[in-house]
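S.K.: Generate a structure from the sequence data that follows.
(one chain, ligands or ions: 1)
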Amino acid sequence: LTDKLEAIFKKLKGRGILKEEDVDSALKEIRIALLEADVNFKVVKSFIERVRHKAIGKEILESLSPAQQVIKIVYDELCELLGGSTAKIQLSPNPPTVIMMVGLHGSGKTTTSAKLARIFKKQGRRPMLVAADLQRPAAIEQLVTLGKQIDVTVFHSYEIKNPVELCKEALKKAVIDRMDPVIVDTAGRMHVDEELMQELQDVKEILKPHEVLFVADAMTGQDAVNIAKSFNEKIGITGVILTKMDGDARGGAALSIKEVTGKPIKLIGTGEKLDALEEFHPDRMANRILGMGDILTLIEQAQKAYDQKEAEKLKKKIEKEEFTFEDLKDQIRKMRKMGPLENILSMLPGANKILKEIKIDEKEFVKVEAIINSMTPEERRNPKILNASRRIRIAKGSGTTVTDVNRLIKQFNEMKKMMKQLKHGKGFKLPKIFPF
Ligand code: GDP
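M.R.: Have a look, this model is predicted:
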């Protein structure tokens, strides 16, 4: 999906002005890319409609190129699709918090229960695991083994055959021993069946859980989404944990599950080891899917730093050849507001290579600002009056050398010459902050 989207945006980047046809043909390709990534077709349809609506009715920001704007819209919508903001596990103010884990066999339910307990333990809580999958003795043993590895109590019994009974006992024990939270690993099946759903409903009635987390294997794509839907309808879930996100899942499950079930992905499993469970961040995931490095962060920062009206003013100044040292200082300050230059560059895809080759000296900017600060307002507006004695004064005042001052004045004059050429050339445009 990432490769496909990257190719689509590359095509858009060549366009100066984005026409409706361009947006439509890009959207057609995005639609195919999403379907190929196994995203639910209804989800794809409404996604494309939303992006189209925004892309076409959009007021054009001059500091961003049309391609950047489309990328931003697609990104925003991807974030929404993935749940918007990070959804946390809700802990009850009246302990113990009860978390019921549900899902099919092989989804990673037992492993994930242990991973979750490990996180709570690290936070200094006293989690308790409950082995309520009584269908298979092996499941009890598996949880007991995992509990030992993370030093967490596992409530279990080989005698009690009824999961409802077992859960009742477990809750009593948790209250007496002040264990919190209580994480219940329930029975799974190969497929969704009535008997399982009934058992889970009964267990849920006793547990009155604060969270019912549906565990799904991300690799199973749309199956995971459909199963989540039926678990939600029959039992009612509060969130989803997608496991095996370290594998080559195509992303379809992650992109569809929130829209289809209305329940957010709360955590993701990223490996077999017990420390491989992470909070799910829709924004980071959208970023990864778009494969744009951190370019989106950059676009957002640019939007913040660059005010449209000011950009217009600057453009007029350049056209009228009125660009001064004062303006240069202002521009440098704005750029630096976006963070250290090295960070800005490293956010551009492929920039690592460039960074290795050139060394950016942040101190240079400090020097430039100091030199400009040491000029009088008159000198900033009219650099022609900068004679030798003024230059010596500025060098002293800014703690630099006359060579530094000379170099800056020379660079400034060259810059103005370049601007003049631009102005006389065809199609004068404000230089874009990024080269695409
Ligand atoms: P259950 O039947 O749902 O309880 O599933 P298990 O917890 O036994 O997990 C099934 C298999 O998936 C085991 O081999 C786990 O190690 C593996 N597994 C679980 N979560 C992840 C994950 O996030 N990444 C990877 N690579 N494997 C996982």
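S.K.: where do the strands sit along this structure?
M.R.: 98-102, 128-132, 153-155, 182-186, 211-217, 239-243, 265-269, 277-279 (DSSP state E).
S.K.: in its sheet, what does the third one sit against?
M.R.: The reference is to strand 153-155. Strand 153-155 sits in its sheet next to strand 128-132 (parallel), going by DSSP bridges.
S.K.: is the partner strand up against the ligand anywhere?
M.R.: No - using C-beta under 6 Å from any ligand atom, strand 128-132 never reaches the ligand; the gap is at least 10.7 Å. Every C-beta, even on glycine, is put in place using the N, C-alpha and C of the backbone.
S.K.: Can you tell me which of the strands of the chain has the worst average pLDDT?
M.R.: Ranked by mean pLDDT, the strands of the chain bottom out at strand 277-279, with a mean of 92.
S.K.: Which neighbouring elements make contact with that one?
M.R.: helix 109-122, strand 265-269 (3 or more C-beta pairs under 8 Å, 6 or more residues apart in numbering; DSSP states H and E).
S.K.: Redo the ones you listed as CSV? Include mean neighbour count and distance to Val182.
M.R.: CSV is the format used below for these (neighbours: other C-beta atoms under 10 Å; distance: least, C-beta to C-beta, whole Å):
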stretch, mean neighbour count, distance to Val182
helix 109-122, 22, 10
strand 265-269, 24, 17
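S.K.: how about a markdown table for these, with distance to Glu49 added?
M.R.: Listed next are the helices and strands packed on strand 277-279 as a markdown table, based on distance: least, C-beta to C-beta, whole Å:
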| stretch | distance to Glu49 |
| --- | --- |
| helix 109-122 | 35 |
| strand 265-269 | 23 |
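S.K.: who wins for proximity to Pro96 among those?
M.R.: helix 109-122 (10.8 Å; C-beta to C-beta).
S.K.: And the helices in the stretch 1-150 of the chain?
M.R.: Secondary structure of the stretch 1-150 of the chain by DSSP state H, counting those that start in this stretch: the helices cover 2-13, 20-36, 41-56, 66-81, 109-122, 137-150.
S.K.: Nearest to the ligand, out of the ones you listed?
M.R.: Closest approach to the ligand among those is made by helix 109-122 (3.2 Å; C-beta to the nearest ligand atom).
S.K.: The closest one vs strand 128-132, what angle?
M.R.: Per axes from the mean of the first three to the mean of the last three C-alpha atoms, to 10 degrees, the angle that helix 109-122 makes with strand 128-132 is 160 degrees.
S.K.: how about the helices of the stretch 1-150 of the chain in a markdown table, adding mean pLDDT and distance to the ligand?
M.R.: Shown next, in a markdown table, are the helices of the stretch 1-150 of the chain (pLDDT from 0 to 100; distance: least, C-beta to the nearest ligand atom, whole Å):
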| stretch | mean pLDDT | distance to the ligand |
| --- | --- | --- |
| helix 2-13 | 77 | 20 |
| helix 20-36 | 84 | 23 |
| helix 41-56 | 88 | 23 |
| helix 66-81 | 83 | 22 |
| helix 109-122 | 96 | 3 |
| helix 137-150 | 94 | 6 |
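S.K.: one step back: would CSV of the strands of the chain with distance to Val23 be doable?
M.R.: Output for those, formatted as CSV (distance: least, C-beta to C-beta, whole Å):
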stretch, distance to Val23
strand 98-102, 42
strand 128-132, 51
strand 153-155, 55
strand 182-186, 47
strand 211-217, 34
strand 239-243, 31
strand 265-269, 29
strand 277-279, 34
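S.K.: quick one on the thing from earlier: with respect to Phe323, which of the helices of the stretch 1-150 of the chain lies nearest?
M.R.: Ranking the helices of the stretch 1-150 of the chain by proximity to Phe323 (C-beta to C-beta) places helix 66-81 first, at 25.0 Å.
S.K.: Convert the closest one to CSV, retaining C-alpha atoms only.
M.R.: What follows is helix 66-81 as a C-alpha-only set of coordinates in CSV (Å, rounded to 0.1, in the frame of the first residue of the first chain):
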residue,chain,number,x,y,z
PRO,A,66,-1.4,21.0,-4.5
ALA,A,67,0.2,17.6,-4.1
GLN,A,68,1.2,18.3,-0.5
GLN,A,69,-2.4,19.4,0.1
VAL,A,70,-3.8,16.2,-1.2
ILE,A,71,-1.3,14.2,0.8
LYS,A,72,-2.4,16.1,3.9
ILE,A,73,-6.1,15.4,3.2
VAL,A,74,-5.4,11.7,2.6
TYR,A,75,-3.3,11.6,5.7
ASP,A,76,-6.0,13.3,7.9
GLU,A,77,-8.6,10.9,6.6
LEU,A,78,-6.4,7.8,7.2
CYS,A,79,-6.0,9.0,10.8
GLU,A,80,-9.7,9.3,11.2
LEU,A,81,-10.2,5.8,9.7
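S.K.: dump the residue contacts of the residue in the chain that the ligand sits nearest to.
M.R.: Residue of the chain nearest the ligand, by C-beta to the nearest ligand atom: Gly269 (2.6 Å). Contacts for Gly269 (C-beta atoms under 8 Å, 6 or more residues apart in numbering) come out as 108, 111-112, 115, 241-246, 276-277.
S.K.: Please spell out the PyMOL selection for the buried subset of the residues you listed.
M.R.: The PyMOL command for the buried members of the contacts of Gly269 (criterion: 16 or more other C-beta atoms under 10 Å) is given here:
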select buried, resi 108+111+112+115+241+242+243+244+245+276+277
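S.K.: Could you list the low-pLDDT ranges of the stretch 201-350 of the chain?
M.R.: 249-250, 291-309, 311, 337-350 (pLDDT under 70).
S.K.: how close does Thr324 sit to Lys417?
M.R.: Here Thr324 is placed at a distance of 15 Å from Lys417 (C-beta to C-beta, to the nearest Å).
S.K.: higher neighbour count, those two?
M.R.: Higher neighbour count among Thr324 and Lys417: Thr324, with 19 against 10, using other C-beta atoms under 10 Å.
S.K.: Could you tell me the end-to-end distance of stretch 187-196?
M.R.: Distance between the two ends of stretch 187-196: 7 Å, counting by C-alpha to C-alpha, to the nearest Å.
S.K.: buried stuff in that stretch?
M.R.: So, applying 16+ other C-beta under 10 Å, buried residues of stretch 187-196: 187-188, 196.
S.K.: just checking, Asp246 touches Gly271?
M.R.: Yes - using C-beta atoms under 8 Å, Asp246 is in contact with Gly271, at 5.0 Å.
S.K.: which residues are in contact with both of those two?
M.R.: By C-beta under 8 Å, 6+ apart, no residue touches both Asp246 and Gly271.
S.K.: How about the contacts made by the residue most central in space within the chain?
M.R.: The centroid of the chain falls nearest to Arg284 when counting by C-alpha atoms, centre = their mean (1.7 Å). Applying C-beta under 8 Å, 6+ apart to Arg284 gives no contacts.
S.K.: quick one: it from Gly397, how far?
M.R.: Arg284 is 46 Å from Gly397, by C-beta to C-beta.
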